[in-house]
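Chemist: Provided below for reference: sequence and predicted model.
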Amino acid sequence: MTRAKVNLICQKCKKEFTHIKHHLPNGKSRDNYENWAKKNITVCQECWKAEQEVSKQAERENQATENTKTALECPWILPVLEGSEKQIKWATDIRNNLIAQLAARGAKWDVMESVGKGAKPEGITEEAVNAMIEVYGVIYTTSSKWWIDNRGKTLANGIFEVGRGMR
């Protein structure tokens, strides 16, 4: 087994860096890999990580924008959240994500609201009714801290059951 070691210059930061590839079967594979690396590896690991983080952040912002659009289509008048400015922004994103997930699962807002207020419509499973009551109950929670502390763990099953029960 051999390893390829190539000294390159980052096209972003202009710093020299070394790229190493281990476990190549023979010298010819090493030479081929080194030639490939010289042509194709153009940024250092630090710049690559920074590019990836920027890309992930842009993706998160796009998702938050889509979730906000979906949340605005929800006919419920949601309460203003309480907390610091940063907490409110984060909690709003979490709540909007919940609404977007419900919408993606085919939630019928009027049915959920009536179930949340005590109605028992026919054709909906008991699990879905319980989930709707739970979701409807927490959607009006005003504490940003609660939304942040419970993100992703409290309502996952409820979202699933609401979507399953609406079909």
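Modeler: That came through fine. Predicted model only: the values in this text are computed from it and were never measured.

Chemist: need the contact list for K5.
Modeler: Shown in contact with K5 (C-beta atoms under 8 Å, 6 or more residues apart in numbering): 18-20, 34. Glycine gets a C-beta too; all of them are placed from N, C-alpha and C.

Chemist: same thing but 7 Å
Modeler: Counting by C-beta atoms under 7 Å, 6 or more residues apart in numbering, K5 touches 18, 20.

Chemist: how close does it sit to L24?
Modeler: For K5, the distance to L24 equals 11 Å [C-beta to C-beta, to the nearest Å].

Chemist: with V6 instead?
Modeler: Using C-beta to C-beta, V6 is found at 12 Å from L24.

Chemist: now N150
Modeler: Taking C-beta to C-beta, one finds N150 at 49 Å from L24.

Chemist: which strands and helices sit next to the longest helix seen in the chain?
Modeler: In the chain, with assignment by DSSP state H, the single longest helix is helix 45-73. Packing contacts for helix 45-73, counted by 3 or more C-beta pairs under 7 Å, 6 or more residues apart in numbering; DSSP states H and E, involve helix 85-104.

Chemist: what angle sits between the next helix or strand after the helix it packs on and helix 85-104?
Modeler: Using DSSP states H and E, the helix or strand that follows helix 85-104 in sequence is helix 109-116. Here the directions of helix 109-116 and helix 85-104 differ by 110 degrees (axes from the mean of the first three to the mean of the last three C-alpha atoms, to 10 degrees).

Chemist: let's see helix 109-116 as CSV, backbone CA atoms only.
Modeler: This file holds the C-alpha atoms of helix 109-116, laid out as CSV (Å, rounded to 0.1, in the frame of the first residue of the first chain):
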residue,chain,number,x,y,z
TRP,A,109,-56.9,23.3,9.8
ASP,A,110,-60.6,23.6,10.3
VAL,A,111,-60.9,20.0,11.5
MET,A,112,-57.9,20.3,13.8
GLU,A,113,-59.3,23.5,15.3
SER,A,114,-62.7,21.9,15.9
VAL,A,115,-61.0,18.8,17.5
GLY,A,116,-58.8,21.1,19.5
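
Chemist: mind checking how far that helix is from the chain centre?
Modeler: 26 Å (C-alpha atoms, centre = their mean, to the nearest Å).

Chemist: hmm, who's touching that helix?
Modeler: 74-76, 121, 129, 132-133, 135-137, 162.

Chemist: related to what we said a few turns ago, and the average pLDDT for the longest helix of the chain is what?
Modeler: Computed over helix 45-73, the mean pLDDT rounds to 93.
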